[in-house]
Each structure stands twice: as C-alpha cells, then as structure tokens.
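# Sequence and predicted model, in that order:
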Amino acid sequence: MKSDLSKHRKPIIKSLIIAGLLITAFGLLLLHEVHGRSKLVSPPATPIFTDRYGTFLAEGTADEDAPLGFWDPPAVLPERIVACLLAIEDKRYYEHFGVDFRSLLRALVNNLSGGPRQGASTIAMQVARLQRPGERTLWRKACEMGTAVWLNRKYGHQNVLRHYLKIVPQGNRIHGVAYAARRYFRKPLADLSWTEAAILASLPRAPGRMNLYQFEGRRKAFERAKLILNLLHKNGTLDADNLAISQRQLKSLKIPVKESRPYHSYHAILRLQETMNGTDSYTKPVLTTLDLPLQEVVDSTAGEAMEQLRQRGAGNLAVIVAERETGAIRSYLGSDFYADTDFSGAINYATTPRSAGSTLKPFIYALGMETGAFSPASVLADLPFNLVHSRGQYSIHLGPMLYRKALANSRNIPAVHVLKTVGLAKTYDLFRQLGLAKDDRSASVYGLGLAIGGLYVTLEDLVAAYGVLGVDGKAFGLRWFETDDEEAPSQLIPEDVARQITLFLSDPLARLPTFTRMGPLEYPFPVAVKTGTSQGFRDAWAVAYSSKYIVGAWIGHPDHERMKQVAGLDAAQLVKGILLFLHPKERRGVDETPFPPPQSHQDSGGSVGYQLAKLCPMSGELATEACAETVLEYLLLGIEPTAFCPVHQSFAVDRRTGELAGPMTPPEWIEIRSYAVLSPQFAAWGAVHGYNPPPLPSTESPFVSIAIEEPVNGSVFRFHPDTPQQLQSIALRAYVSPTVPEIIWYVDGEPFQKVAYPYTTRWHLRAGSHALQARFPHADVQSGIITITVAP
C-alpha cells in the first residue's frame, strides 16, 4: 500500500519540483529584468525658444521627428494637475505599493465577462511602460508590475509621480505636463485652471486620437475632461461652485492656434539650436535675444533690396543686428529666404566664410597705432607700386594721405604699407584674437593680401570684431540668450586706439573724395561705417555701428559668381535703412550720442595725455593759413608735430612775369600766391593732379641740386621675348630741389628730351651700355652720370 502511495506521489513531487524550478527561474529572470529597468530615466529635455518679448520662435532640436518636452515639473507639484491625473489614472496611488490588485482584479473580471475593455495600470506601471515601450504581452505586463513595485520602493511615491508628470504623453510628440501647459495654453503648469488641468489629464489615455489641434481630437479630450471634473467633484476635491465654473469654461475654452516657426527666422532658430548650452532640464521657455518685430522689418528691408540686386547678379544676402553694449543679437537673417532653391537659401551665409575685401583694414590701422609705428599725424603714400608710372595710373591714386583719410577712403596701397610695417605675424595674431582667423595656417600663406581680402571671414565673426571697436577695444561676443552670463572682457585693442579708429570711420569728410557726401555712408547722427568689396565683385560687405547698435550685411552669389558692380556701397545702403529705422529720434536730431574721444589716463608706463591739434592732411604737420584743408586730430602729448606744414607755402610773385618777385619789383605788381611744394615722392602725382610748382628761384642758390632717382646706377635690363623691342622702355625720374620748370635728360652725352616738372619721361631700350644724366637747361647744374646696361 505504501509502495503504491509512494508511486503516486513521485510524479506529483516531480511536477511540483519542476513547477518550483520554473517559478524560481521565472522569478529570477523577472527579478533580473526588473532590476535593469528600475531607474527613472527620460530623454533630454527639449527647449521652447521665444524672442525677447516671449513670442514663440521654435521648439525642440533640429530633428523634427524627435519627441518633445520632458520638462521637470515645479519643485512643489501643482495641486490641480496632480488631482486630475490621480482621479482618472490611479485614485488609490498612495495606498498601494505600485500595483493596485483591486483594480487589476476588477479589470480581469470585466474583460473576461465580455464587458468594455478596462486597464488597471497604475501610474508607476505607466512609468515603467513609458520608459521601455514595446508590444503588449503577459511577460511585459509582469515586468511592468515588478518594475512599478521596485520603483516605488526605491524612489518613493512622490518622486515616481514627479517623473510621471515629466514623461506622460500629451499628443503632438509632446511629453510631460509642464511642456504641454506651455505649448497648449501658453502658461506655466502652476497657473492652469481646473479645466485646463483636466484637459491635460485626459490626454494620456489616447494622445494620438485626442489631438487638441484638431476638432475631433479636441472633442474627445473635452469629453474625458468633463468626466475628470465630475470625478473630482465626486471625491470632494471640487465643490459645486467650482465644478460649475470649470464646466462653463470647458464649453467656451478655445485652444490657441498651434504656434509655428516664423519663416524669416529659420536660420536664426538653427543657430539657436546649435549654440544652446547642453542641459537635461527645463522649467520654462528659453528667452532669446531675437526681436521678432525687428526681424520682420529687417526681412522686409532685405527682401526689397534683393529684388533690385538680383537684377545685377546678386544671389543672396545675410544681415545681423546686435546691440553695441551687450552683443545681444536682435535680428539675424542667414539668407533672403530659407526655402529658395534657386539661390541656395538653406545655406546660412552669416556663417559661410567669404573674402573679406577691405573690411579688415580698420584692425590693421589700429595695430599700426598700437605698435607706435604710426599715429594720426602719419602721412601715407597712395601711389602706384611699380616704377613704370603713367598719367593714367597717377590719376586713380590720391597721393599723400593722412592716416585718417587713408583708412576712411579705404585705399589699398596705404593699407598694404601699414600691414607690411607692423608685420604679417603680428597682424594675423590680432585677427586670431578677434576671432577672424580660425585656422592653423601661417600668416605668410596670405601675405600682404590680408589687407585686401585674402582672408575669408564670416559675417558673424566680422560683426563681433567690429563690436570690439564699438566697445573701446574690449573683447566682444554675440549673444543669443538673454540669460547668458557676461564675463569681464579682456582688452584686445587699446581703448584710445579703438576710439581713434571709430572717429576715423565716422568722419564723412575724411571719406572724400572716394565716397561722396550724403550717400549710403553718411547719417544724420554719429555712425562708424566700413565697406568691403572682394575681387571681381563677388562679395559686398558693410558693417556700421552707432552708440546703440551694430549692423552687418553681406551680399554675394552662392556660387561665387561675379556680380554686376554690386559693391560695398550697396551693402551699406541696406545697412543704412536698418540703422535709420533703429534710431527714430536720432534721425530727427534728438538724443544724438557722439563717439567719445581718447582720454588721458594712467598706464604701466605712466601718464598718457592727449591734445587736439589742427593738422594739414597732406603733410601731417601743424596747419598754417596757407593750408587749403585742415583736420583736427587727437595726438599723444610728447610725440605731436611741432613743425608747421612745409607743403603749402606762400610766395611773392611778380604778376607781370609769373616769376618770384625781387627787390626791384614794384609793390603794386607783387601778388602773394600759395603753392603745394611736394616732395619728390609725390611730384609726378602732383603734376597730374594740378599741383604746379612754385616759380623758379635763382639758380645761383648754393642749395640747388639735381639727382637721378630712376633707373639705379648699374642696373641691367633685358628685352622681354614676347614684346616687340620698339615697345619696350624704362622710366627716367629725377629729384630736383628746389622745383624748377624743366630739365634736360642726356643719353650717352647727347640731349635726349626736355621734360617739364615732375621731370619723368620714358626712354626706349637699346642694346649696350649707356650713360644717363639730367641737367638744368639754363644753368650749370647737373646730376651725376649713371650707367646702365641693356642686354641684347
């Protein structure tokens, strides 16, 4: 009998052991799975960007399919949203440990009996499911239940609820009630009414079908919200009066129209998303520096300009408006129209490096003054580089130019001279500090072309660099966010130098004769302006700054094609329209703020003082009554000019003969005339531009001299094989002091040509050795003989 009983027990025991092992294995596997899920995790929070006034700009990142939201709820969870969610999702939330078995049993019985399908997921179980979404199976349900229990034990009910509020789906890719409150109702979560909170609490049931931006979805959400309000009244949270108020609001409530990105701000939004500091939590919209009303004005102004410029070969443009003091970007156009496929509107031209043209000259001139190699009294030569000069070449150059005028006229040759003097390496180092040069190349790669567009820069970097000049030489950066911390800026350019450059760039008289008065560069209030045009009219730049704003513009073609005479002045016209709009009072002569002059101060070397001096722009020396034009310059004490202008001199002339008056000239025939006595360097230029020499003095003067400047003694010349020999010649140039009306050139002892002031002519090459000499025609004054060789 016992053996039979034992026989029957063995299979049962075996089955129990197997069942126990399976249950144990299931439990261990479940425990392992639950342990891996027992963390409160969520994707990174996505921002909502607004302009400086709180108007919607954009949401999320550049990935338009990524989920949105995941904002942390307030430290103190708002009562209304919590009450609504608990009433509809988990009314015994604080009574169970993660799984509500009463609800689970009720749902099981209801579903087995064929009633309407019910769920029994608690908030903790929903958190588990939302963190690890997937196909609904019994195994996954078991994992969710186990995870819910573990999460509640590990983090507590309050933290699990907080996390649920952060990740709960709200439709339209939105997760989290804090984000949804801002997106749907444009207010903080804590400010929601009972009705609005009930609407958000209704969405987790079917966030896809209850789309608040669609009529049918909104109807379904409002029906469920009505149910939630009734549940709140039933459990005593809402009294009858508040229930009635909430139900009336539900009937009249209108969901705001879905906010969308403004079409003219796409590039700005992309830059915001690129520059946004990485963060995993947000509690409110990110306040940017953009000014949408201004953005609309700038977009309209740029669009009107583009219509005209496209007829001249321009393809696109970029514009940046920033506050001068803070660097806050108030308007930003990366292109004329983002969706324009004909001219590559999707490219952000504000961040695309292009040839800088002449826009870097102010920084080269600033470095020239900082090093002490130049001062505002320095005179630069705007003359042809080569020695084979013609009248046509001289006619397009401006000769002697004061430092201020050379910069304001944007002359290339003086800028190259300053660059060569201060050095390529030092200049390139300054460009690096300013953020204009960002590669590891040597300055020698660019050479002297750094002064005239050899370096490629972006509009963003260029505007920031001009901001350094605008804030007295301190480091300057463009800001995208109102909450950015401002660090104490370093001094990149000495304050007094930066102020001098600003005064140069804001002087309309200094721009003459290259830039005429009352044009795109002149304003009814102080504005410093610089333009730039790259080789072949491929890029047109303008940057201008007032006491309040900096505005920069670039115009060009996406394929680097030549434009039809579209130059920096065209970009300046666009900039001017924007700046005038930004200064309504100043354009009427009210509240004008002049740029400050350099101030006396103390530095490591002691006291530094300035004085205002009246200079002649052709000599850089103290002006006299004979000077036709004068310029006021701030000069450092101790190095200011002490001599008077030697160029403009007055002579007593005998009106009868046109020669210098002598002791025997009757007083009634004496006339005082002013002449420009130019140095030999500028003599040929002066002759082309109408600066006649003074009358011939007595040749018996012991100070009369003549010397050959070109060619150099011992020079060897060779015929160019591709040019006919009869067309090959060299320049003959002499230095004569004092100036006389004419000289005679001698070649091999024979008179070659009588030449008037400035004594330059050309001699056709002949093979062999030749002797050259210059002589006065009516006096025994002659130069030394030089010898040249022309190789056959």
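Yes, it's here. Numbering: from 1, shown residues only.

# Now do Lys258 against Ala178, distance only.
18 Å (CB to CB, to the nearest Å). In this view, the C-beta of every residue, glycine as well, is placed from N, C-alpha and C.

# right, I mislabeled it, should have said Tyr675
82 Å.

# the more surrounded of those two?
Counted by other CB atoms under 10 Å, Tyr675 and Ala178 do not tie: Ala178 has more neighbours, with 26 against 18.

# May I ask you to confirm that the more buried one is in contact with Leu77?
No. Ala178 lies out of contact with Leu77 (CB atoms under 8 Å); the separation is 10.3 Å.

# Give the intersection of the neighbour lists for those two.
Leu165 (CB atoms under 8 Å, 6 or more residues apart in numbering).

# low-scoring stretches of the stretch 551-700 of the chain, by residue?
Applying pLDDT under 70 to the stretch 551-700 of the chain flags the ranges 600-607, 696-700.

# repeat that with 50
699 (pLDDT under 50).

# Can you pull the domain assignment for this protein?
1-33, 38-252, 298-588, 601-636, 648-688, 705-791 (automatic domain parsing).

# From the chain's centroid, how far away is stretch 670-681?
Put simply, stretch 670-681 sits 49 Å off its chain's centre (CA atoms, centre = their mean, to the nearest Å).

# Spit out the contact partners of the spatially most central residue of the chain.
Nearest to the mean C-alpha position of the chain, by CA atoms, centre = their mean, lies Glu460 at 1.6 Å. Neighbouring residues of Glu460 by CB under 8 Å, 6+ apart: Ile320, Ala350, Thr351, Leu478.

# could I get the residues you listed as JSON lines with secondary structure and distance to Pro584?
Formatted as JSON lines, those follow (DSSP: H, G, I helix; E, B strand; the rest coil; distance: CB to CB, whole Å):
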{"residue": "Ile320", "secondary structure": "strand", "distance to Pro584": "21"}
{"residue": "Ala350", "secondary structure": "coil", "distance to Pro584": "26"}
{"residue": "Thr351", "secondary structure": "coil", "distance to Pro584": "31"}
{"residue": "Leu478", "secondary structure": "coil", "distance to Pro584": "24"}
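
# Among the residues you listed, which one lies nearest to Asn230?
Leu478 (54.1 Å; CB to CB).

# Doesn't the residue nearest to the centre of the chain belong to a helix?
Yes. Using DSSP: H, G, I helix; E, B strand; the rest coil, the assignment for Glu460 is a helix.

# Can you tell me how far it is from Ala350?
Glu460 is 5 Å from Ala350, by CB to CB.

# quick one: common contacting residues for the two?
What both Glu460 and Ala350 touch, as defined by CB under 8 Å, 6+ apart, is the set Ile320.

# Could you look over the domains of the chain and pick the most buried one?
domain 298-588 (a mean of 20; mean count of other CB atoms under 10 Å).

# Please name the nearest non-neighbouring residue to Glu522.
Pro508 (4.7 Å; CB to CB, 6 or more residues apart in numbering).

# my read: the one you found touches Leu521, true?
Yes. Counting by CB under 8 Å, Pro508 does reach Leu521; the two are 7.0 Å apart.

# tell me, what's touching those two both at once?
Contacts common to Pro508 and Leu521, judged by CB under 8 Å, 6+ apart, are Phe515.

# Please tell me how far the helix or strand containing Ala197 is from the chain's geometric centre.
Using DSSP states H and E, Ala197 maps to helix 194-202. Centre-to-centre, helix 194-202 and its host chain are 44 Å apart (CA atoms, centre = their mean).

# between the helix or strand that that helix is followed by and helix 194-202, how big is the angle?
Going down the chain from helix 194-202, the next helix or strand is helix 215-234, by DSSP H and E. Between helix 215-234 and helix 194-202, the angle comes out at 110 degrees (axes from the mean of the first three to the mean of the last three CA atoms, to 10 degrees).

# what about helix 215-234, distance to the chain center?
Distance, centroid of helix 215-234 to centroid of chain: 50 Å (CA atoms, centre = their mean).

# Using PDB, list the CA coordinates for that helix.
Included here for helix 215-234 are C-alpha records, laid out as PDB according to Å, rounded to 0.1, in the frame of the first residue of the first chain:
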ATOM      1  CA  PHE A 215     -11.600  69.300 -34.000                       C
ATOM      2  CA  GLU A 216     -12.400  65.600 -33.400                       C
ATOM      3  CA  GLY A 217      -9.400  65.100 -31.100                       C
ATOM      4  CA  ARG A 218     -10.400  68.200 -29.100                       C
ATOM      5  CA  ARG A 219     -14.000  67.000 -28.700                       C
ATOM      6  CA  LYS A 220     -12.800  63.600 -27.300                       C
ATOM      7  CA  ALA A 221     -10.400  65.300 -24.900                       C
ATOM      8  CA  PHE A 222     -13.000  67.700 -23.700                       C
ATOM      9  CA  GLU A 223     -15.500  64.800 -23.100                       C
ATOM     10  CA  ARG A 224     -12.900  63.000 -21.000                       C
ATOM     11  CA  ALA A 225     -12.000  66.300 -19.200                       C
ATOM     12  CA  LYS A 226     -15.700  66.600 -18.200                       C
ATOM     13  CA  LEU A 227     -15.500  63.100 -16.800                       C
ATOM     14  CA  ILE A 228     -12.400  64.100 -14.700                       C
ATOM     15  CA  LEU A 229     -14.100  67.200 -13.400                       C
ATOM     16  CA  ASN A 230     -17.100  65.100 -12.300                       C
ATOM     17  CA  LEU A 231     -14.800  62.600 -10.600                       C
ATOM     18  CA  LEU A 232     -13.100  65.500  -8.700                       C
ATOM     19  CA  HIS A 233     -16.500  66.700  -7.500                       C
ATOM     20  CA  LYS A 234     -17.400  63.100  -6.500                       C
END
